[in-house]
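In: sequence and computational prediction follow.
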Amino acid sequence: MKNLWDEKCAPSSQDPLALRVYTSNLLGQSDALVLHGGGNTSVKITEDNTPILYVKGSGWDLVSIQKEGFAPVKLDSLLELAKLESLSDSGMVAAQREAMIDKTAPNPSVEAILHALIPYMYVDHTHADSVVTISNSTHGQAHIKELFPDFLIIPYVMPGFVLAREIYLQTRGFDWSKCEGIILHHHGIFTFSNDAKESYEKMINAVNKAEDFLAKNAPLYTPIESVSREFDLDNLIHEVESLKNHTIETVCNQSPLALTYANNLELTCKGVLTPEHIIRTKRTPLVLAKNTDTKEALKNYVQNYIDYFKRHAKDEICLNPAPNYAVIEGFGVVSFGKNAKEAKIIDDIVTHTMEAILRAESLGGYMSIDEAQSFAMEYWELEQAKVKKQ
């Protein structure tokens, strides 16, 4: 992971929000750190004797975020929220919105309370592929503990208030001066400092440590270079469109990575790389082995999805049960979107997931969050609120 900091381009320390924008953009330039809205950053600034947390706002990507993309929230209000024993995420969003000093700014990140709890000026959070790949391996907990002895390591917890509350409980009386960062298993990594450059470089150094570990212990797969079968893609598109009740755009990935993955079908239904990806991809793809009837496979996929929903649902509204991508043995991986942009986003996420799964297999096996945790994320109340509104 290249350190992109450039003293000639970096803003003056007299403008901490500009520095926050600069290092956020640096983090966002690497897909191996964040993808399509992933990750979040913040800076704490005192204005008119009031401590304010400027945290990434909803709808912004780190690669392009500017000052107006940060939501200014009263720090003390966020710290009070962390003391609550329980709070729904929709209630948290409303409370964070109420604590903003500029109501025209975007909604604060759902991790705003967590950022507030970390007693440093700059906080960086990414979903670094290398860190999560190790975490998502069979012996991930042991590997992470050995690699990052000076980090606070948290078992997987649902993002949002539940995660913030867990950090609050674990850090009461905590000596932050001895903590180099936080790793959230199956999720991502935090680094922090009172200096923007140092916080950014801590992130790059930690990711490089994880990348070096993978290079030594999880060598790259032997790639398959060419398609080995014919496949009626038009028929698949037609069948998926009939299930989704709208036209779709596709990305057909026949890279060596995709072909290698598609020739290891036993690896294809092992879950997402990071929790938020499930909202884009669902937990599993449609898998089409050679000599599989497409229509029958889709029928089974839909029924399996409905069964999955029934196993975990309380009062949620079931999402469309059609797949969001397909792994086709000997042919490649095809992503389905309501438009070209969405199809490309899904393909990007799946590409990073395929790489992680193949690498983690060299560490003893890949292990994502479990089915119940996946359902909780896919049917997160914040996402369900959007569905119900629609």
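Out: Noted; the coordinates are in hand.

In: find the nearest non-adjacent residue to Met1, please.
Out: For Met1, ignoring the flanking residues on the chain, the nearest one in space by CB to CB, 6 or more residues apart in numbering is Val207 at 4.5 Å. For glycine as for every other residue, the C-beta is placed from the backbone atoms N, C-alpha and C.

In: in stretch 322-338, what counts as buried?
Out: For stretch 322-338, the neighbour count (16 or more other CB atoms under 10 Å) marks 322-337 as buried.

In: picking up where we left off before, helix or strand: which one has the residue nearest to Met1?
Out: helix 196-217 (DSSP states H and E).

In: buried stuff in the very next helix or strand once past that helix?
Out: Counting by DSSP H and E, the next helix or strand C-terminal to helix 196-217 is helix 233-244. Neighbour counts over helix 233-244 (16+ other CB under 10 Å) mark 233, 236-237, 239-240, 243-244 as buried.

In: out of those, flag the one nearest to Val123.
Out: Proximity of the buried residues of helix 233-244 to Val123 (CB to CB) peaks at Lys244, which lies at 38.9 Å.

In: which non-adjacent residue is nearest that closest one?
Out: Closest to Lys244 by CB to CB, 6+ apart is Ala322, at 4.8 Å.

In: tell me if that neighbour really is in a helix.
Out: No - counting by DSSP: H, G, I helix; E, B strand; the rest coil, Ala322 is not part of a helix but coil.

In: now it: how far from Glu239?
Out: 9 Å (CB to CB, to the nearest Å).

In: find residues that contact each of these two.
Out: Listed as contacting both Ala322 and Glu239 by CB atoms under 8 Å, 6 or more residues apart in numbering are Leu298.

In: backbone phi and psi for the closest residue in space to Leu114 that isn't next to it in sequence, please?
Out: Using CB to CB, 6+ apart and skipping the chain neighbours, the partner closest in space to Leu114 is Ala164 (4.5 Å). Main-chain dihedrals, Ala164, degrees, to the nearest 10: phi -60, psi -40.

In: I figured Ala164 hits Ser109, correct?
Out: No - taking contacts as CB atoms under 8 Å, Ala164 lies outside contact range of Ser109: 10.9 Å.

In: about what we covered before: how far away is the residue nearest to Met1 from Leu62?
Out: Distance from Val207 to Leu62, by CB to CB: 14 Å.

In: list the buried residues in the helix or strand harbouring Met377.
Out: Assigned by DSSP H and E, Met377 belongs to helix 371-378. Neighbour-count burial for helix 371-378, counted by 16+ other CB under 10 Å, picks out 373-378.

In: how distant is that helix from the center of its chain?
Out: In this view, helix 371-378 has its centroid 14 Å away from the chain centroid, taken as CA atoms, centre = their mean, to the nearest Å.

In: again with stretch 210-218
Out: Stretch 210-218 sits 21 Å away from the centroid of its parent chain (CA atoms, centre = their mean).

In: show the average pLDDT along that stretch.
Out: Averaged over stretch 210-218, pLDDT sits at 96.

In: export it as PDB, just CAs?
Out: Output of stretch 210-218 as PDB, limited to C-alpha atoms (Å, rounded to 0.1, in the frame of the first residue of the first chain):
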ATOM      1  CA  ALA A 210      -1.300  -7.200   6.800                       C
ATOM      2  CA  GLU A 211      -0.300  -7.300   3.100                       C
ATOM      3  CA  ASP A 212       3.200  -8.500   3.900                       C
ATOM      4  CA  PHE A 213       1.600 -11.300   6.000                       C
ATOM      5  CA  LEU A 214      -0.600 -12.400   3.100                       C
ATOM      6  CA  ALA A 215       2.300 -12.300   0.700                       C
ATOM      7  CA  LYS A 216       4.300 -14.700   2.900                       C
ATOM      8  CA  ASN A 217       1.400 -17.000   4.000                       C
ATOM      9  CA  ALA A 218      -1.300 -16.800   1.400                       C
END
